[in-house]
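Visitor: sequence and predicted structure, then a few things I'm wondering about:
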Amino acid sequence: MKKLSPWKISLIPIAMFGFGFALVPLYDIFCEVTGLNGKNFSIANAEQVSQVDSSEGRTAKLQFLADADSRDLWQFKPENKTLNLQAGNLITTYYELTNPYDYPVTIQAVPSVAPGEWAEYLVKIECFCFTQQVVPANANIKLPLQVTLSAKAPAEVNHLSLSYRLYQSETLGGAF
Amino acid sequence: MSTAHDTHEHHGPDKGFKRWLYTTNHKDIGTMYLLLALGSLLIGGIMAFVIRAELFQPGLQLVDPNFFNQMTTMHGLIMVFGAIMPAFVGLANWLVPMMIGAPDMALPRINNWSFWLLPFAFGMLISTLFMEGGAPNFGWTFYAPLSTDYAPPSVTFFIFSVHLMGISSIMGAVNVIVTIFNMRAPGMTFMKMPLFVWTWLITAFLLIAVMPVLAGVVTMMLMDIHFGTSFFNAAGGGDPVMFQHVFWFFGHPEVYIMILPAFGIVSHIISTFSRKPLFGYTSMVWATASIALLSFVVWAHHMFTVGLPLVGELFFMYSTMLIAVPTGVKVFNWVTTMFKGSMTFETPMLFAIAFVVLFTIGGLSGLMLAIAPADFQYHDTYFVVAHFHYVLVPGALFSILAAVYYWLPKWCGRMYSETLGKWHFWLSFIGVNITFFPMHFIGLAGMPRRIPDYALQFADFNAIVSVGAFIFGMSQLIFIYNVWRTTLGGKGEQATDQVWEKPEGLEWQIPSPAPYHTFQEPPVVK
Amino acid sequence: MNRLGFSAVSAILFFFAQTSFADWALNLPEGVTKISQNVHGLHMTIFYICVVIALVVFGVMLYSIIYHRKSRGAKAANFHESTTVEILWTIIPLLILVGMAIPATQTLIEMYDADDAEVDVQITGYQWKWRYTYLNEEVDFFSNLSTPQEQIDNAEAKGENYLLEVDNPLVLPVDTKVRFLLTAKDVIHSWWVPELAVKKDTIPGFINEAWTIIDKPGIYRGQCTELCGKGHGFMPIVVKAVPKDEYQAWITEQAALQAAAREVKDMSFDELMTQGEKVYKTNCAACHKVDGSGMPPIFPALKDSVIALGDIAKHIDIVLNGKQGTAMSAFAEQLSVSDVAAVVTYERNAWGNDKGDMATPKQVKQQKESGK
């Protein structure tokens, strides 16, 4: 009888432990490849957008949300509640916020898109969520956002909701 | 294994505590696992009593909500990791070597260590009840961020305890696989192995595949809590739902780990007491393997309300429905084994038959849960609690009880009391149904899980459930007394080698009680 | 003896097949939306399929148990294979399942289509309450359990809607597509109203989408369905569905009321105490107890406490900003400045504390704006 070595079989649990951790990047890859994730909007540059023929008429209503907590503490709110997105047309809008403290704070905005299946058709050219933002003490600032609709969006994509939540960068573990 | 020991059969086990501490004998280790499981069953059972006592009436009478959450969490952890899993490992230890004609497990010292890790792990887990902040209170499924950012300080001990249990399970599973692959008696091909051996082989593969993933997810938790990572935290670019995906990737195969050995046990018992060979041996093996394989692609049916994309939701609905097919095949095979048999109804058979009926009910409620749009109404309600208790209590637990009744005479050489066995059975059967059947109703009527207090329309059924739980819990004392009486108490008729009427399997060809060392020379299997 | 067991189980299954009984509710509600009724239909269909399967399987078992027993002289047959039979009982269940999957898929696709909604509500789960923000209006409020702590502690008789009542219900118009955007502040919660068949987890940092069209005016109650800590069982949901014009009137009224509440006005000591007691019972009594005795050391007593009898600014601070590393959360977002002033005043003077001072809404507003 061929002998099965316990060492060989132990490779499986070791590999599976690695697999568990690998699931973290694997999920991101899976979501990118399939477009199935409320986090993954697409990113493009202004050049690419101008190349799209906007007379195609594909539009969708984009609703801007700010997370409740961020609204309360930071007076964080969008300039527009909704805007019409059109493939080929770049829209510039912003979110406003006020630092309530007497000292500068570094914040990170975390976006989320619903429905997740259509997130990939929301194209961002510029977003304040790409980087951390330093907000001076007591300052009221406007955070810019440039978006458009992907030319690849099927006709049924007619509404999207984009929500941001602010986190303080020093204490990434906790929200406000 | 050294054959020089042939001439040392008079050399019995050591005396005293050292015997148990240092033993590498599969029978001793099997016994220890079973006793640990029994102890865990009692501790987990007391926690269930606390839960049901609080839920006996609306209002908060006995415990505060935080302690109640500790009870539900610990009850789940102890029953899953302390009672059911070690019990099946104990049965594997006792039975697999004998069933394949091997003298012991392939890795006897690892076997010892696998066991002794557990009292440490559980000691640590139970000690969290006495720590500041209390025991884990985030459910046995410990979703982030409740279990990371909002957990009591004892969470670190919880994580360590899970790591220890995981190592124990993995080593035990490696042991089982290597034993079955390498130590079968000549002539025992894979397709001649008893079904309990098959189901344990497949279970062991599930264990080595998914326990490491559990280790991974609790390590990620540890890193989020203590080392500033953000696996499950949106602030740092992570995602709480990621926790659920990784956890359930472990969690679903885990529940099959807790039932496949039961399938093996029941196949043996029904066949013996119907005096008929098991119907469809080959398809039973294939069905078990299919269930195991499919168990890897159904995990998100625990997450139907989390906001999965439609395609994902549909995929998991279909795969979950699919897993009902091989499971159904097994049930049909057991029934067909009984059909046109010549049945008697000793205690093992009573538990085995009840298993088939009640596990099927649990499986059917599982099929209902698989229907994703309907699951939006069932998820996180008592309907789910009913489902999993049916498959775990009159499912897995009954099969363990059946196994103990069936094989105890072989292990200790005496017959248990059939009268006490029947009392135990009927009270358990009635108790289990009074406890868990009404949970279907209150779940459908809208009662969520894991709440210490509830709206008035759920009161009547909750009272009934609590009474049933008490009956069921107390009936287990009959079992404990019966086992004690037969083993340490020395009562009961001498058992023959065969014990029952013409049971199949190598374990019935050795004397009862089984000698300390058996099959020193491998038998030849035709 | 086994016969009895099986008859009992079969009887229970038959019993279950009846439509729901009044108080001893046995079945899922049909609900008040097309989706909830579809879901109920799916539920009943799969249930009946399960009943039939169970009857067939248990029927054969029962037959064997009676007729194929040794005591009856039955002789065991020897057959143990049959490929035909095996194939049949693999294919037939598979076909039944495919049949079931089709209507299930259709309903699921419908449930995912949140297009063309007229009303958008953002639902945020907090420990342990809900917050509703009407996205196209200026209406935003918290919805707390309103069952008095005394009822939970069995000091008073329980009301009819025990644990299923709130101070501010979610008011929605009937016959209107309402879209929900769900998220959470702290841990995962889940928003569920059985009669709407809407259940969605609320994930901190992310938004989920759901929708409903309510056909009938009425009051529909639900609960949080994801373990979220000690208050998990105490954060119910109440939806009040009203005709469209009533909804519009309510919206206008709410917007005005909320604007007024945000005003900072002067309040007398008595006004502060009365409002303070209400705020305390809703937001504080669950941990600190109605009589202020708390549950030390995790929930300190407020009666005779150092903070309640000490520096008033420190007292206001701990209510506004919570205390790091403890279970005391920050209430700055959830309570208006007058609520904070009221509850602080109440805590300093109730239960024999009798400190004699009071906090004013102006004072609280100033302290809030001056930072931590």
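Guide: Perfect, thanks for sending it.
Visitor: so what's the closest residue to B:Ala262 other than its chain neighbours up against?
Guide: Distances taken as CB to CB, 6 or more residues apart in numbering or on different chains place B:Ser399 nearest to B:Ala262, at 3.5 Å, with adjacent residues excluded. C-betas here are computed from N, CA, C, even on glycine. Neighbouring residues of B:Ser399 by CB atoms under 8 Å, 6 or more residues apart in numbering or on different chains: B:261-263, B:265-266, B:351-352, B:355.
Visitor: okay, which residue is most central for the chain?
Guide: Using chain A here. Nearest to the geometric centre of chain A sits A:Pro111, at 3.8 Å (CA atoms, centre = their mean).
Visitor: my bad, chain B
Guide: Nearest to the geometric centre of chain B sits B:Ile84, at 2.9 Å (CA atoms, centre = their mean).
Visitor: now do the helices in the stretch 1-150 of chain B.
Guide: B:17-22, B:26-54, B:65-77, B:85-100, B:108-127 (DSSP state H, counting those that start in this stretch).
Visitor: again with chain A
Guide: A:6-34, A:46-50, A:68-74 (DSSP state H).
Visitor: strands of the stretch 1-150 of chain C, residue ranges please.
Guide: Under the criterion DSSP state E, counting those that start in this stretch, the stretch 1-150 of chain C contains strands at C:119-126, C:129-134, C:139-143.
Visitor: and the last one, what's buried?
Guide: The neighbour-count check on strand C:139-143 (16 or more other CB atoms under 10 Å in any protein chain shown) flags C:139-143 as buried.
Visitor: follow-up on the earlier one: which of the three states applies to the residue nearest to B:Ala262?
Guide: helix (DSSP: H, G, I helix; E, B strand; the rest coil).
Visitor: could you do the one 3 residues further on as well?
Guide: Here B:Ala402 is recorded as helix under three-state DSSP.
Visitor: C:Ala54 and B:Phe359 touch, don't they?
Guide: No. C:Ala54 lies out of contact with B:Phe359 (CB atoms under 8 Å); the separation is 11.6 Å.
Visitor: please identify which of the two sits among more neighbours.
Guide: A direct count of neighbours by other CB atoms under 10 Å in any protein chain shown for C:Ala54 and B:Phe359 places B:Phe359 higher, at 27 against 18.
Visitor: the more buried one: what secondary structure?
Guide: Classification of B:Phe359 using three-state DSSP returns helix.
Visitor: contact partners for it?
Guide: By CB under 8 Å, 6+ apart, the residues touching B:Phe359 are B:259, B:262, B:331, B:390-391, B:394-395.
Visitor: what does B:Leu260 give?
Guide: Going by CB under 8 Å, 6+ apart, B:Leu260 touches B:199-200, B:202-203, B:206, B:288, B:291-292.
Visitor: kindly recompute the last result at 6 Å.
Guide: For B:Leu260, the contacting residues are B:199, B:202-203, by CB atoms under 6 Å, 6 or more residues apart in numbering or on different chains.
Visitor: swap in B:Phe355?
Guide: By CB under 6 Å, 6+ apart, the residues touching B:Phe355 are B:266, B:398-399.
Visitor: go with 10 Å
Guide: B:262-263, B:265-266, B:269-270, B:334, B:391, B:394-399, B:401-402 (CB atoms under 10 Å, 6 or more residues apart in numbering or on different chains).
Visitor: also A:Tyr27?
Guide: Contacts of A:Tyr27 by CB under 10 Å, 6+ apart are A:37, B:239, B:241-242, B:245-246.
Visitor: B:Val393 versus that one, what's the distance?
Guide: Noted for A:Tyr27: a distance of 35 Å to B:Val393, by CB to CB, to the nearest Å.
Visitor: my guess is the residue nearest to the centre of chain A meets A:Leu143, correct?
Guide: No. At 11.9 Å, A:Pro111 does not count as touching A:Leu143 under the criterion of CB atoms under 10 Å.
Visitor: can you pull the pLDDT of A:Glu117?
Guide: At A:Glu117, the pLDDT value in this model is 85.
Visitor: just give me the neighbour total for it.
Guide: 19.
Visitor: contacting residues around it?
Guide: A:Glu117 touches A:34-38, A:157, B:309-312, C:112, counting by CB under 10 Å, 6+ apart.
Visitor: now these as JSON lines including pLDDT?
Guide: Shown next, in JSON lines, are the contacts of A:Glu117 (pLDDT from 0 to 100):
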{"residue": "A:Thr34", "pLDDT": "78"}
{"residue": "A:Gly35", "pLDDT": "71"}
{"residue": "A:Leu36", "pLDDT": "71"}
{"residue": "A:Asn37", "pLDDT": "63"}
{"residue": "A:Gly38", "pLDDT": "61"}
{"residue": "A:Val157", "pLDDT": "89"}
{"residue": "B:Pro309", "pLDDT": "91"}
{"residue": "B:Leu310", "pLDDT": "93"}
{"residue": "B:Val311", "pLDDT": "92"}
{"residue": "B:Gly312", "pLDDT": "93"}
{"residue": "C:Tyr112", "pLDDT": "94"}
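Visitor: for the residue nearest to A:Phe19 when sequence neighbours are not counted, give its distance to C:Phe206.
Guide: Nearest in space to A:Phe19, with sequence neighbours left out and distances taken as CB to CB, 6+ apart, is B:Val213 at 6.7 Å. B:Val213 sits 23 Å away from C:Phe206 when distances are taken as CB to CB.
Visitor: out of the two, which sits in the more crowded spot?
Guide: The neighbour count for B:Val213 versus C:Phe206, taken as other CB under 10 Å, is higher for C:Phe206 (28 against 25).
Visitor: and the more buried one, which of the three is it?
Guide: Following three-state DSSP, C:Phe206 is assigned to coil.
Visitor: leaving out sequence neighbours, find the closest residue to it.
Guide: In space, and not counting its chain neighbours, C:Phe206 is closest to A:Ser112: 4.3 Å by CB to CB, 6+ apart.
Visitor: isn't the one you found right up against C:Gln122?
Guide: No. Counting by CB under 10 Å, A:Ser112 does not reach C:Gln122; the two are 11.8 Å apart.
Visitor: list residues touching both of these two?
Guide: With CB under 10 Å, 6+ apart as the test, A:Ser112 and C:Gln122 both reach A:65, A:67, A:161, A:163, C:181, C:183, C:207.
Visitor: what does the stretch 251-372 of chain C have sitting close to chain A?
Guide: Residues of the stretch 251-372 of chain C lying near chain A by CB under 10 Å from any CB of the partner chain: C:324, C:330, C:332-334, C:368-372.
Visitor: which PyMOL command selects the buried ones in those?
Guide: To isolate the buried members of those in PyMOL, using 16+ other CB under 10 Å:
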select buried, chain C and resi 330+332+333+334+368
